[in-house]
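In: Return atomic coordinates for the entry below.
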Amino acid sequence: MINIIEALPIDQQQVMYDAIPNITLLIAGADGEIDPKELEWSEKIAEVRSFSFHEEWQPYYDKVSETMHDRINAILSELPEGTDARQEELSNRLAKLNNILPNISSIYAKHFYDGLKSFANRIARADGGIFGWLSIGPKEAEVVELPMITPIQ
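Out: Residues are numbered from 1 along each chain as shown. As a prediction, this is how the structure comes out:
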C-alpha cells in the first residue's frame, strides 16, 4: 500500500502521512488543552499499528511512527493558538483527504478511513474515564467520528 501513496504527488503524500499527527492534535486539543498523555499514547498506537494492523497498512504506520513525535511538534508550531482556529485548521487539513481517497482502490481507501476513525477513538479514550468508559468528553465527541472526511463505503 505504501507504493500507492508514494505514487501520489508529493503534496498528497504529505496529506496522507500527516493524517495521523493531525488527528492526534484534533482530538487532543478538542477540549482546549492538548494533553501530553494523548500525544504519548498516539505515538504508541502508531508504533503498534506498524506491526499489528491491516497488513497492507503496516508499512504506512511504520513510516508515520518513525517521525510522529517530530511531526506533531512541527504541525503544532504551524497552527493558530486559539482552540477554535486550531480545530478549524486541522479539520481543513484532514478534509484534503476527500480529494485523495477516491483515487485509491476502494478497499484500501476503506481500510485507511476505518483505521483513521479507530485511531481517533483510541486517542479520545486515552484521557480519563474509568476503564475506558465515559472517557470521551463532549468536545472530543464532536470530532472523534472525523466528520470532515467523507466516509468510504
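In: hey, let's count contacts and neighbours off CA atoms from now on
Out: OK.
In: Show me where the protein has its strands.
Out: With DSSP state E, there are no strands along the chain.
In: buried set for the longest helix seen in it?
Out: Ranked by residue count, the top helix of the chain under DSSP state H comes out as helix 58-78. For helix 58-78, burial by neighbour count (16 or more other Cα atoms under 10 Å) applies to 58-62, 64-65, 68, 71-72, 76.
In: Now tell me what touches it from outside.
Out: When contacts are defined by Cα atoms under 8 Å, 6 or more residues apart in numbering, helix 58-78 is touched by residues 1-2, 17-18, 20-22, 24-25, 43, 46-47, 49-52.
In: Please pick the buried ones from those residues.
Out: In those, the ones that pass as buried (16+ other Cα under 10 Å) are 1, 17-18, 20-22, 24-25, 43, 46-47, 49-50.
In: Grab the two from those that are most spread out in space.
Out: 1 and 25 (24.8 Å; Cα to Cα).
In: Return the backbone torsion pair for residue 7.
Out: For residue 7, the backbone dihedrals are phi -80, psi -10 (criterion: degrees, to the nearest 10).
In: How much space separates it from residue 69?
Out: 25 Å (Cα to Cα, to the nearest Å).
In: now do residue 141
Out: 24 Å.
In: Residue 26 too?
Out: For residue 26, the distance to residue 69 - Cα to Cα - is 15 Å.
In: now do residue 30
Out: From residue 30 to residue 69 the distance is 19 Å (Cα to Cα).
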